[in-house]
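Provide a 3D model corresponding to the input given below.
(2 chains)
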Amino acid sequence: MTLAEEAALYNLERVGKRPPLREYLADVWRRRDLTISMAKYRIQASNEENRLGMLWVVLKPTMNALIYGVVFGLLQGDRRPENIVAYIVIGVFLFEFFANAFSQGADSIMRNRALVQTLAFPRMALPLAAVIQQLMNLVPILVVMAAIVLFSGNPITWRWLLIIPLVVLLAMFSTGVALISARLTVHLTDIKEIIPIVTRVLFYTSGVFFSVERILGQFPWLVAIFDFYPLYEFLKLARSAMLPDYAADPVLWPLACGWSVLVLVCGVLFFWQAEERYGRIN
Amino acid sequence: MSETASHRRPVVIADDVHVEYKAHAAGRGLKEGTRKILTPHKALRTVHALKGVTFKAYENESIGIIGSNGSGKSTLMRAIVGLTPTTRGAIYASSRPSMLGVGAALMPKLSGEKNIILGGLALGFSKAEMLEKKDEIIAFAELEKFIDLPMGTYSSGMQARLKFAIAASKQHDILIVDEALAVGDQRFRQRSEARIREMRENAGTVFLVSHSMKSIKDTCSRVIWIERGELRMDGDPAEVVKAYQELRKQ
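Numbers count the residues shown, from 1 in each chain, chains lettered A, B, ... in the order given. Below is the predicted model:
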């Protein structure tokens, strides 16, 4: 009798075996307290250091928006978008949520390698905690965003509520991206160095501070392609929800849903497939 | 294996376990060849940490693991708990083995109290269970007065006490105790040793990794000696320890 047969005889299971997907996801759900606490406590720990604490969460994107607003507002001259303050604030705030979830998620396994090597829990908790952390930070950011939009002369309407499903979709999309990049970073550490560059390319292409219609007006086919660019879709939908000057084709909603679900499902599958691998960090 | 062994129920089976790491070697240490960016495997050195370890552990055994530094003891333990995947071979177990340790889950900037909750959640308790256990853990760690302060402000002994108290709050079927877990000053050391003993008695099967031959001989019913990634000897504690010490004298 081989040892493997003997193990089967006594109902011993191979240690560290990747569970089937349903079981794995049930496990992730069962450990949600851990995931949420890691996110919450990490925010508290990072606020502990600074005098202004939680205030930095909103100060940083506000300052960034201010800088981009001044620089690109001047550079674009009369091609700058209408209602530029609110336009750029919505773009920068939501984009930074995505960018932070992306970079923190990518680093989540490597940053916690000591934890991964001592305790057993579904590893998906780590990138999820990174995204949840950004999502918790997003709440005060959205409040500030609403205030800025309001003070720059845009009335509150019921349409503002559309920002909630939009954030849900954006979070799903960001989670998928975080899961994919978390696994890739484990395989190849160098990925971490490329992420800021990828983020910057996405930043400059997704219409955070410029209006695609105005800048690329002479290439209508290019403008049409932009409608299939997920980050651009999210920003466009957010602006159509909060700013009266901007309208988005309603077809963008199902498109954004499609992207979010697709990227999330791919991310979950891709991350789960390497579950056994994360303990061995070269 | 002896006759009696075949009637006992194995709880952990290590079947020809190999573990290889790929480590990026520092430039000068490279043995031969040129370094090129596009052939990165040249800068990767494979460390063969375990080279085919096979053994069976039975119910209610207390197994000591000995070996010199870098012999692969910790790698073997991490493979048993399933944290380090095996390159070849497999490890089978009746329930998921656990390591006694929680330090990596904690955050130094947070208070001791929050760290107790976080550590407990990482061990697999629910939040409600942890709120219940919290006071007991604080009392065991003797940190009542400091529990609101950030863990980073604790002395290293206090931190070690807190970590031990959290880790020891969970009961395990298959338990792995790494060396030097008994921590703190003399008095706490005695209490933590007593606690480890209690946990060992309640656990079905225990692996004890230690450099202290005395504690191995005192507590283990069997000893496995790992040397350079291979199983050198497996059997009666007195015999194995004697052989090990003789080799070390040379």
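
Following element in sequence after whichever helix in chain B runs longest, please.
In chain B, assigned by DSSP state H, the helix with the most residues is helix B:186-202. Next in sequence after helix B:186-202, counting helices and strands by DSSP states H and E, comes strand B:205-209.

angle of that next one against helix B:186-202?
Interaxial angle, strand B:205-209 versus helix B:186-202 (axes from the mean of the first three to the mean of the last three CA atoms, to 10 degrees): 140 degrees.

Show me what strand B:205-209 is packed against.
If you count contacts as 3 or more CB pairs under 8 Å, 6 or more residues apart in numbering or on different chains; DSSP states H and E, strand B:205-209 packs onto strand B:44-58, strand B:62-66, helix B:73-80, strand B:174-177, helix B:213-219. Heads up, the C-betas are built off the backbone N, CA and C, glycines and all.

got these as JSON lines, with mean pLDDT columns?
Formatted as JSON lines, these follow (pLDDT from 0 to 100):
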{"stretch": "strand B:44-58", "mean pLDDT": "87"}
{"stretch": "strand B:62-66", "mean pLDDT": "90"}
{"stretch": "helix B:73-80", "mean pLDDT": "87"}
{"stretch": "strand B:174-177", "mean pLDDT": "84"}
{"stretch": "helix B:213-219", "mean pLDDT": "82"}
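
which residues of the stretch 51-200 of chain A fall in helices?
Shown for the stretch 51-200 of chain A, the helices assigned by DSSP state H, counting those that start in this stretch span residues A:55-75, A:84-111, A:113-116, A:125-151, A:163-187, A:191-205.

cool, and chain B?
Going by DSSP H, chain B shows helices at B:73-80, B:112-123, B:127-141, B:156-167, B:186-202, B:213-219, B:237-249.

Going by mean pLDDT, which of those comes out lowest?
Within the helices of chain B, confidence is poorest for helix B:186-202, with a mean of 77 (mean pLDDT).

Please name the nearest non-neighbouring residue to residue A:107.
Closest residue to residue A:107 in three dimensions, ignoring its sequence neighbours and counting by CB to CB, 6 or more residues apart in numbering or on different chains: residue A:192, at 6.2 Å.

repeat for residue B:103
residue B:163 (4.8 Å).

Tally up the residues packed near residue 147, please.
Because you didn't say which chain, this covers chain A. 12 (other CB atoms under 10 Å in any protein chain shown).

please go with chain B instead
So residue B:147, with other CB under 10 Å, has 19 neighbours.

Run through chain A and note the low-pLDDT ranges.
By pLDDT under 70, the low-scoring segments of chain A are A:280-282.

Mind telling me which residue of it is nearest chain B?
Per CB to the nearest CB, residue A:16 is where chain A lies closest to chain B, at 2.7 Å.

Surely that residue touches residue B:78?
No - Residue A:16 lies out of contact with residue B:78 (CB atoms under 8 Å); the separation is 9.8 Å.

which one is the residue nearest in space to the middle of chain B nearest to, not counting chain neighbours?
Centre of chain B computed as the mean C-alpha position; nearest residue by CA atoms, centre = their mean is residue B:178, 3.8 Å away. Ranked by CB to CB, 6+ apart and with sequence neighbours excluded, the top spatial neighbour of residue B:178 is residue B:209, at 4.8 Å.

just residue A:275 next, same as before
Per CB to CB, 6+ apart, closest to residue A:275 is residue A:18, 4.4 Å.

Quick one: residues contacting that neighbour.
The neighbours of residue A:18, taking CB atoms under 8 Å, 6 or more residues apart in numbering or on different chains as the test, are A:24, A:272-273, A:275-276.

What of residue A:88?
A:65, A:68-69, A:72-73, A:208-209.

again, but for residue A:28
Counting by CB under 8 Å, 6+ apart, residue A:28 has contacts A:35, A:122, A:124-125, A:128.

Type out the ChimeraX command that picks the buried ones from those residues.
Of these, the buried ones go into a single ChimeraX selection, burial set by 16 or more other CB atoms under 10 Å in any protein chain shown:
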select /A:35,122,124,125,128
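
if we can go back for a sec, to residue A:43, which of the helices of the stretch 51-200 of chain A lies closest?
Shortest distance between residue A:43 and those, using CB to CB, is found for helix A:125-151: 5.9 Å.

can that closest one be found next to chain B?
No - Helix A:125-151 stays clear of chain B (CB under 8 Å from any CB of the partner chain), getting no nearer than 9.3 Å.

Pull out the buried residues from that helix.
Quick answer for helix A:125-151 (16+ other CB under 10 Å): A:125-135, A:137-138, A:141-142, A:144-146, A:148-149.

quick one, domains of chain B?
Under automatic domain parsing, the residue ranges defining each domain of chain B are B:4-14+B:50-99+B:208-249, B:103-169.

Any chance of the helices of chain B in JSON lines with mean neighbour count as columns?
Converted to JSON lines, those look like this (neighbours: other CB atoms under 10 Å in any protein chain shown):
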{"stretch": "helix B:73-80", "mean neighbour count": "24"}
{"stretch": "helix B:112-123", "mean neighbour count": "24"}
{"stretch": "helix B:127-141", "mean neighbour count": "16"}
{"stretch": "helix B:156-167", "mean neighbour count": "22"}
{"stretch": "helix B:186-202", "mean neighbour count": "15"}
{"stretch": "helix B:213-219", "mean neighbour count": "16"}
{"stretch": "helix B:237-249", "mean neighbour count": "14"}
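
Compare the ones you listed and report which one is nearest to residue A:182.
helix B:112-123 (18.3 Å).

okay, the angle between the closest one and helix B:156-167?
Using the same axes, to 10 degrees: helix B:112-123 against helix B:156-167 is 40 degrees.
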